[in-house]
Every structure is written in C-alpha cells, then in structure tokens.
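Colleague: For reference, the sequence and a predicted model appear below.
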Amino acid sequence: MIDSKAPTKTRTLEEVVLHPETFAPYVDHLATLLVATVRDGADARKAELASALDGQPGQQLRKLYTISDLRDTGTYFTGSALANRLVTALANHLPGADRVVDPACGAGDLLVACARHLPLQATVAETLKDWGERLTGFDINSAFVDATRYRLALLAFERTKSSPREIRKTLPLEKIFPNIQLRSGIKEWELVSAPAVIVVNPPFSYGLAEKSCTWAQGRISQAATFMDNCLSNSARGTRILAILPDVLRTGSRYAKWRQMITAKATVHSVEIAGQFDELTEISVFLLELEVGADTGVTTRWAHPTNTTVRTVKDLFDVHVGPVVPFRLNHKGRWCTYIHSEQLPPWATVRKIDQHVRFAGTTYMPPFVAIRRTSKADYQVRCIGTLVTGSLPMAVENHLLIALPKDKKVGTCKKLLEVLKRDTTSAWMNERIRCRHLTVGSVGDLPWPEDQ
Ligand SMILES: C[S@@+](CC[C@H](N)C(=O)[O-])C[C@H]1O[C@@H](n2cnc3c(N)ncnc32)[C@H](O)[C@@H]1O
C-alpha cells in the first residue's frame, strides 16, 4: 500500500528521479506488442492490447520500483476508470481540440483517455499523424515518455482495427509523436500555440516553493506548483482537467492557492473522487477549469454548507498540539504530557502520569482531545477523549484539542456525543479527505440544534 506520508527530508523533484532503465523491460514489452499488432492485426491481440491500455503500466510501476521511491517522486499512474471519468467532462470538446497537453504524462494514461475521443482518419497512418500533431506530453523519465508513445500507437491500432498490411515497417515513433518529450513540465513549455486542453495528474510529492511564489512559502505540494504552471502556460479559453490531492481542496495552507486559481480561471467543477486507487491511499478530487472565463459563478470547493446556525468553533477554541517529541530539548518547566496512545477513545481521563519539560504553550483542562489521524471512510472520523484535571498540559502534535469557551466539563461531554454521530463522520468525509483533521475542519463542524 502506498500512502500519502510526505518524505521526511524534502528534496526537489529534480533530486529524486526513478531510473528509466528499471522501467525499460516493460517498454520492450510494449514495443514487441506493437510489432505483433502491426503483423497480426489488432483483433488477434485484443486481450493484450486491452491490458496494455488499462492498468498494466501502473502494476509494472509497483513491481519495478520501491514504494518509497514512488512516494518520494509522487508517481502514481491513473487507471482507465478514473482517467475516463476525468476526461468525460470534455467529451464534446476533445474531438475539435487542436492541442491537448499533459505536462507530467507518465505512461500516458490521461492522453490515452483523451485520444479515445479524438476522431479517426481514413487510415491508421493518417490517424497517427493527426494524433501526433494534437497530443503533447512531457515527463522527466525517458522510459515513461517511450511508453506513452507506444501506448498511443497501440490505441490507434486498436481503434482503427487496421489491417496488418497497412503498415509494414517499424514505426518511427519519435517522428510520429514529436511532442511527447523528455522534458520538465514545471519549466516553460515553449509551445507554438496555447493548449486547448490540459490534462494533468501531477506529482503529489513535496518540494520547496520558489521565492517568486505568491501563494505559499516553504514546503508545498508539487501538485499545487504544477497547477500554477499549467495556468501560466494557458491562454484565455484553455480548459484544464486535473486529478489533485485533497489537501489542495481543503487545507488552510492552500487557501491562497485556491484564491490564485479562482482569480485566473472559472472553476466549472470540483468533484470528490475518494482514494486514488486500491493501493494508493491518497484522497483525490477532480478539478475542471476554464482559464480567463468570467462566468460570474461563485466557486465552491465542495465544502459542505452549514445548515445549522452554530458550529464547533462557536463553542470551542480548537488548537493543534504543539509538542513534537523529537524536538523536545529538555528546556522549559516540567508539565503533564498527553499523547494519543495514552488516551482511551471516548473515555474521561483525570490522571496523567507522563511528564516532559516543555517551553511552549500548554493548555488547561477541561478539553476534548481529538486524534488528528483520521482516514476518509473510517467508520468514525473524529475520535475524542475528555481530559480533566487542574494543571496545564503539554499536548502532542498528533492531537487536536477543543477547549470549551465556557470552561465546562458538560460542554466537553456534549462535544463527545456530537463526534460519535454518524452524521459527523459523513460531514467530515465531505469536508476533508486527507489523513489528518485540521483546526478548520473540526471548527466548522455543525453543532446540532438538539445539543
Ligand atoms: C502522478 S504521476 C502521473 C502520470 C500520468 N499523468 C498519469 O496520470 O498516469 C506524475 C508523473 O510526473 C512525472 N514528473 C515528475 N516531475 C516532473 C517534471 N518536473 N516534469 C514532468 N514530469 C514530471 C513523474 O515522472 C510521473 O510520471
């Protein structure tokens, strides 16, 4: 299982590269399949073509590279179901699109999904020429670039059901797909014309924001940077379809990024898509943009709207625990220390036996401690423990704490009841799907009228 944990040490994308030669045997398989398809016809190779055009590259990726390498580089190939779902939004637009760009194309899954909507020409050769002019893809892994070219060619054969006599010689794929290139999609794209459509599932790994970045500083998701770059390489009317990590939709750190997006484009849709795939434990959403359009539509980032008058933040101050254990430096005064492993779910804890020296902010009970780790679709998203006592406490960073404004234990008990409700978990699943609850998401939780 690949998870969304960011690597501990932040490296730039250029520092972490998956070696192309590791993927080369799979590219050889695609080459052999193309030769066999040209020789025998697409019908004779139906089953092999179907696998090569669906999840096979993603399976090979997991077989050939380690999970940590995939995670550090943010490399996940999109299965056909999700890729087709993404591009369906532009099904009517794609046949007339003269330039479709995927700036981080991997093995071409999104371009393959787009090419399923491109028109066929009289012969497979003419179809390949037409697709080659329309489709542009960049990746920094040369084996992925080759795989994209082979797979687009295989799709042309599959869709045209071409006869074996039509093409006899080896296909000069670099010439047929001159715009599928080994190249960084984060730099200037230098296209002769702006794209009609951009499709992108960018790397979800982390890097440092450029000094010139106006919407963030420090460590940020590369997916956010990629989107900024997609907008810079667009023109008015360019349509962008993206698969993005949920943190960009919901994280308070990305509020300015969301503002930047809505200042430059109209958001036509934001669709929560759940876990990326069976093995990749990252929650994603699908975003559809139109650059420069001013439709006057207010952007909704698919946050649930509150139907109640009050929310948790009206009754509680919510904070993230400030103690990061490995950063404790034996300075500060001794204080009681709480962390998630010590706190039994839904219980009331009065006595804590652990102590640390801590110089930062401490909190006076009573409060509700809520575990931050909370996967989307857990049965209960917000697991709480009531903490009482008469001394200030140091709180570990995997906990959120909700301090009642009226300082009453009874108000904390009511919050525990609210957290237990199925409706709370359902609300939270819509509000935030990444692994960690945030101050904002707990604060926005509707406070039921009956409490
Ligand atoms: C999440 S994968 C998505 C691949 C493909 N678009 C898909 O949906 O299956 C991200 C891809 O971005 C590529 N990548 C990483 N950094 C890049 C960069 N600076 N420029 C272009 N591609 C990059 C990786 O090699 C990887 O193939």
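Modeller: Received, thanks.

Colleague: quick one: contacts for residue 229?
Modeller: 103, 185, 186 (C-beta atoms under 8 Å, 6 or more residues apart in numbering). The C-beta positions use only the backbone N, C-alpha and C, and glycine is treated the same way.

Colleague: Pull out the buried positions in stretch 278-286.
Modeller: For stretch 278-286, burial by neighbour count (16 or more other C-beta atoms under 10 Å) applies to 280, 281, 282, 283, 284, 285, 286.

Colleague: The third one against residue 204, yeah?
Modeller: Yes - in terms of C-beta atoms under 8 Å, residue 282 counts as a neighbour of residue 204; the distance is 6.3 Å.

Colleague: and the residue of the stretch 251-400 of the chain at minimum distance from the ligand, how far is that from residue 449?
Modeller: Using C-beta to the nearest ligand atom, the single residue of the stretch 251-400 of the chain nearest to the ligand is residue 276, 8.8 Å away. Look at residue 276 and residue 449: by C-beta to C-beta, to the nearest Å, they are 37 Å apart.

Colleague: Same check on residue 202?
Modeller: Using C-beta to C-beta, we find residue 202 at a distance of 42 Å from residue 449.

Colleague: Those two: who's more crowded?
Modeller: Taking other C-beta atoms under 10 Å, residue 202 and residue 449 do not tie; residue 202 has more neighbours (25 against 9).

Colleague: so what's the residue nearest to that one when sequence neighbours are not counted scoring on pLDDT?
Modeller: Computed as C-beta to C-beta, 6 or more residues apart in numbering, the closest residue to residue 202 that is not its neighbour in sequence is residue 226, at 3.4 Å. Note on residue 226: pLDDT of 96.

Colleague: again, but for residue 48
Modeller: With respect to pLDDT, residue 48 has a value of 95.

Colleague: who in this structure is up against the ligand?
Modeller: 13, 74-78, 102-106, 109-110, 138-141, 144, 184-186, 201-203 (C-beta under 6 Å from any ligand atom).

Colleague: Recalculate using a threshold of 5 Å.
Modeller: 13, 75-78, 104, 106, 109-110, 138-141, 184-186, 201, 203 (C-beta under 5 Å from any ligand atom).

Colleague: In strands, which of the residues you listed fall?
Modeller: The strands, defined by DSSP state E, take in 138, 139 from those.

Colleague: got a list of what the residue in the chain that the ligand sits nearest to touches?
Modeller: Nearest to the ligand in the chain, going by C-beta to the nearest ligand atom, is residue 106, at a distance of 2.5 Å. Neighbouring residues of residue 106 by C-beta under 8 Å, 6+ apart: 57, 75, 77, 78, 139, 141, 144, 148, 201.
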